[in-house]
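Asks: any chance you can model this:
(chains A and B)
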Amino acid sequence: MQLSEKHHEYWRKNLRLTAVLLAIWFTVTFVVIYFAPQLNDIVIMGFPFAFYMGAQGALIVYVLIIWFYAHTMNKMDKAYGVHEGDEE
Amino acid sequence: MSTLTQSQFFRQLKKYYTFYTGGFLAFIIVLAILEQMGLSAKWIGYIFLAATISLYAGIGIMSKTADVSEYYVAGRRVPAIFNGMATGADWMSAASFIGMAGTLYLTGYDGLAFIMGWTGGYVLVALFLAPYLRKFGQFTIPDFLGSRYGGNLPRILGVLAAIICSFVYVVAQIYGVGIITARLTGIEFQYGVFVGLAGILVCSFLGGMRAVTWTQVAQYIILIIAYMVPVVWLSVTHTGNPLPQIAYGQVLQEVTAKEKELNDPATTLGAAEASVRAIHKEKQLATEAKIKALEDAMATGHADPIVDEARTKLKSELAELNAAAEPDAARITAKEHEITELTGPDVLLAKLKKAADGAKKASGPVPAHATPFSGKGAEKKLLKDNPNATEAEIAAARAEDRKTSDDKRRNFIALVLCLMVGTASLPHILMRYYTTPSVREARKSVFWSLFFIFLLYFTAPALAVLVKSEVYTNLVGSSFASLPAWVANWAAVDPTLMKIADLNKDGLVQLAEITIGGDLIVLATPEISGLPYVVSGMVAAGGLAAALSTADGLLLTIANALSHDVYYKMIDPKASTVRRLTIAKSLLLVVALLAAYTASLKPGDIMFLVGAAFSLAASAFFPALVLGVFWKRANYLGAVVGMLAGLGMCMYYMYTTYEFFGGVAANEWFAIKPIAAGVFGMPAGFLGIIIGSLLSPAPSREIQELVDHVRYPNLERDTRTQAA
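Replies: Presented below is the predicted three-dimensional model:
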């Protein structure tokens, strides 16, 4: 079938959201690892920062990223009329 | 049940599992009371094994099904939160449950690659795969490749890659089941493997995905309770704070201070450590001399006398063991095994090299827990040995440290990437997102999956630090005459997990006198924190649940790839439902037996192979799956070339660099270890798809419409949605 302009906009927005979240994922993982020796000089509540990020911080961010994506996309589905019908 | 609406179904599930969790806790309490009344540890082990396996069997039998959609995808009505729990159990293997905290204990920061790698991959699942695969809505991952790229070749490649990755993984799980069963009940490993096999089959055989899903939820509940109780209690006794994840910041600082003290020969503790390290150093040099002599003899072909000498020595040790007042059966068997293993100079050389490595490690300073990518300490050593070193010497030593540190960092990053992308490519995980009722539930379900996995993974680093603090403050410096009970117990039960000997004969324990195996950390935590044996039994049952649930998912993936993709889609598309399920179940049995048989042979490099599965999956699947959704132009030729290139590159790199296959480290590119071969396989895969696709015409209109179909949860007048 032919996709409408609205459909294309939905997909573009999805791509943008995906890219932004992926950038956050990349930063808390790989940028922090790369600079880990320097970042460890910062100590918060007894935790050296890079160690904390690897052990807990990054994980918390991952959980939040996935929650945010699910929440935003599920709302966007409705806004663009591409949501599934049989629920709620 | 099929007449229930989704929300009634959800309420009912919630009721069942709440009831079940209460029942499990009551069961533990009853056992604890029985233990106080004198029930022996052995019986507690048997009861745990029998009770949990019959529970899983009960769920398996209750969920038996003859419906194809129920068998392959649990009827597609698993609510997000329950699918999340099932995915958590599916995902967390024996290695996560028992091994993870130990790895962190032994390697500190450098072990965090596994923590980040095995959680961050879910971001990729959420953003790139789960919702789209759910919308596609078939049965297996090769299904997607087959429909998206057309033709049988992409499907066959998918089946092949799925089998390679999943089979080594399932062998490792069954191996883990064997070890845990042996530990829990004292029966032999080989029998333990088959007990485990029975446990796996009762879940999956009758009810396929449906049975596996509901058992996995039950297994998740057991494994998370079993993991948390001892850690929380340890945290309470150690810090007074019931939240170990917060409390261990303080403890980490104490550990770091202790590490400094132990490494400083000017302090009493440090001096004692230094004396033990000197003994290790001597041993290292002596062993290295032996290695050299053996190598020289091997070069001239006169190694046999040396091997004979070693064999004679082992035999006299065996005679001594046999002559002891109370012969220790386990040690005698181990020694006999050692003698039969010693078949030639190569074996002896490998053994000596291992001993020299161990001694070398023990002779070095304590590595700092929180410090990433520590160098070799060449600069420090130089300044200690030669305080008047020249500028040039110092600079050279510094450069050497820097290189070690940089190599470690590069490998860390590569490993994290491979584990993450591998997570997002393993078919047994992706398959779980076919089982949710809708795309929106699939998205939520990834959140729940990671949340439930996160609970365990962000506790493991805390556990490692708490146990380390216990060892550094309560064990180190204590007297050999009055060792803590848990140390004495474990040293007697399993010397590979806990070895302790007064090397410098001062009557006190030094850190360098203790050798700890990683698995000890989780297994011994209940005893360290002074909990009754029933909790140790519960921890073993948790480990069993972790291994069984993962094995179930993997086994189903392999059997479904064969029965659905190979048999139904390629050999006999007209097969009846009954026939399809019969084939699926028979294959499940065959694959399970094959895996159990392989595990009972105790293949040595099993842990490497599991790590390798991630790199292989990442190279073979990820590019084809992601580009299949995000790049319409990707086509048949691209997928074939890309999957072959990714898989080929990854295997080639492992083959040339990993010892097991006869490779050598000198072949490494950028000093990347073979376990992270995926960093070369993935780009090869992506490049292959892009080049292959651009060289051949764009995919057909139908396939492009399929891509639109998976991109939008619901398109009006989308014929496929109505059909599905």
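
Asks: my read: residue B:293 touches residue B:305, true?
Replies: No: between residue B:293 and residue B:305 there is no contact under CB atoms under 8 Å: 10.8 Å. Heads up, the C-betas are built off the backbone N, CA and C, glycines and all.

Asks: neighbour count for the two, which is higher?
Replies: Taking neighbours as other CB atoms under 10 Å in any protein chain shown, residue B:293 and residue B:305 compare with residue B:293 leading, 13 against 9.

Asks: ok, now how distant is residue B:612 from chain A?
Replies: Separation of residue B:612 from chain A (CB to the nearest CB, to the nearest Å): 22 Å.

Asks: just name whatever secondary elements the helix or strand that residue falls within is in contact with.
Replies: Using DSSP states H and E, residue B:612 maps to helix B:606-620. In terms of contacts (3 or more CB pairs under 8 Å, 6 or more residues apart in numbering or on different chains; DSSP states H and E), helix B:606-620 is packed against helix B:152-185, helix B:391-423, helix B:636-657, helix B:678-695.

Asks: those: which one's closest to chain A?
Replies: Closest to chain A of those is helix B:391-423 (CB to the nearest CB; 5.7 Å).

Asks: could you report the neighbour count for residue B:241?
Replies: Residues within reach of residue B:241, counting by other CB under 10 Å, total 15.

Asks: cool, residue B:660 as well?
Replies: Around residue B:660 there are 14 other residues, counting by other CB under 10 Å.

Asks: go on, residue B:464?
Replies: Counted with other CB under 10 Å, residue B:464 comes out at 28.

Asks: now it. Nearest residue, chain neighbours left out?
Replies: Excluding its sequence neighbours, the residue lying closest to residue B:464 (CB to CB, 6 or more residues apart in numbering or on different chains) is residue B:104, at 3.7 Å.

Asks: now the one you found. Its backbone dihedrals?
Replies: phi -70, psi -40 (degrees, to the nearest 10).

Asks: so who does it touch?
Replies: Residues in contact with residue B:104 (CB atoms under 8 Å, 6 or more residues apart in numbering or on different chains) are B:111-112, B:115, B:460-461, B:463-464.

Asks: give the contact list for whatever residue of chain A ends up closest to chain B.
Replies: Scanning chain A for the residue nearest chain B gives residue A:46, at 3.1 Å (criterion: CB to the nearest CB). Contact analysis of residue A:46 by CB under 8 Å, 6+ apart lists B:249-253.

Asks: could you find the closest non-adjacent residue to it?
Replies: In this structure, residue A:46 finds its nearest non-sequential neighbour in residue B:249, 3.1 Å apart by CB to CB, 6+ apart.

Asks: which SSE is the one you found in?
Replies: Assigned by DSSP H and E, residue B:249 belongs to helix B:244-263.

Asks: neighbours of residue B:386, how many?
Replies: For residue B:386, using other CB under 10 Å, the count is 11.

Asks: show me what counts as buried in the helix holding residue B:249.
Replies: Neighbour-count burial for helix B:244-263 flags B:244-256, B:258-259, B:261-263 (criterion: 16 or more other CB atoms under 10 Å in any protein chain shown).

Asks: now the element after that helix, going C-ward?
Replies: Toward the C-terminus, helix B:244-263 is succeeded by helix B:268-300 as the next helix or strand (DSSP H and E).

Asks: who are the packing partners of that following helix?
Replies: On a contact count with 3+ CB pairs under 8 Å, 6+ apart, helix B:268-300 meets helix B:244-263, helix B:304-323, helix B:345-363.

Asks: distance from the chain centre to it, please.
Replies: In terms of CA atoms, centre = their mean, to the nearest Å, the centre of helix B:268-300 is found 33 Å from the chain centre.

Asks: quick one: that helix to helix B:244-263, angle?
Replies: Angle between the axes of helix B:268-300 and helix B:244-263 is 80 degrees (criterion: axes from the mean of the first three to the mean of the last three CA atoms, to 10 degrees).

Asks: now do helix B:268-300, average pLDDT.
Replies: Averaged across helix B:268-300, the pLDDT comes to 87.

Asks: relative orientation of it and helix B:304-323 in degrees?
Replies: 130 degrees.

Asks: now the strands for the stretch 501-650 of chain B?
Replies: Remark: strands assigned in the stretch 501-650 of chain B by DSSP state E, counting those that start in this stretch are B:514-516.

Asks: burial of the closest residue to chain A within it, as a residue count?
Replies: Closest to chain A within the stretch 501-650 of chain B is residue B:630: 8.0 Å, counting by CB to the nearest CB. Other residues lying near residue B:630 total 15 when counted by other CB under 10 Å.

Asks: surely it meets residue B:128?
Replies: Yes: with contact taken as CB under 8 Å, residue B:630 and residue B:128 are classed as touching, separated by 7.4 Å.

Asks: the helix holding residue B:612: which residues count as buried?
Replies: By 16+ other CB under 10 Å, the buried positions in helix B:606-620 come out as B:606, B:608-620.

Asks: flag the shaky bits of the chain, pLDDT-wise.
Replies: This is for chain A. Applying pLDDT under 70 to chain A picks out residues A:1, A:86-88.

Asks: sorry, I should have been clearer: chain B.
Replies: Applying pLDDT under 70 to chain B flags residues B:1-3, B:604-606, B:716-724.

Asks: look up how far residue B:587 lies from residue B:65.
Replies: Distance, residue B:65 to residue B:587, by CB to CB, to the nearest Å: 17 Å.

Asks: name the SS class of residue B:499, please.
Replies: strand (DSSP: H, G, I helix; E, B strand; the rest coil).

Asks: can you tell me how far it is from residue B:137?
Replies: To residue B:137, residue B:499 is 54 Å away according to CB to CB.

Asks: number of nearby residues for residue B:417?
Replies: Using other CB under 10 Å, residue B:417 has 22 neighbouring residues.

Asks: wait, it sits on residue B:681?
Replies: No: assessed by CB under 8 Å, residue B:417 is found out of contact with residue B:681, at 11.2 Å.

Asks: coming back round to it: for the helix holding residue B:249, name the packing helices and strands.
Replies: Partner elements for helix B:244-263 (3+ CB pairs under 8 Å, 6+ apart): strand A:47-48, helix B:189-239, helix B:268-300, helix B:460-470.

Asks: does the longest one reach chain A?
Replies: I take that to be helix B:189-239. No: using CB under 8 Å from any CB of the partner chain, helix B:189-239 never reaches chain A; the gap is at least 11.1 Å.

Asks: now chain B against chain A: closest residue?
Replies: Distances between chain B and chain A by CB to the nearest CB are smallest at residue B:249, namely 3.1 Å.
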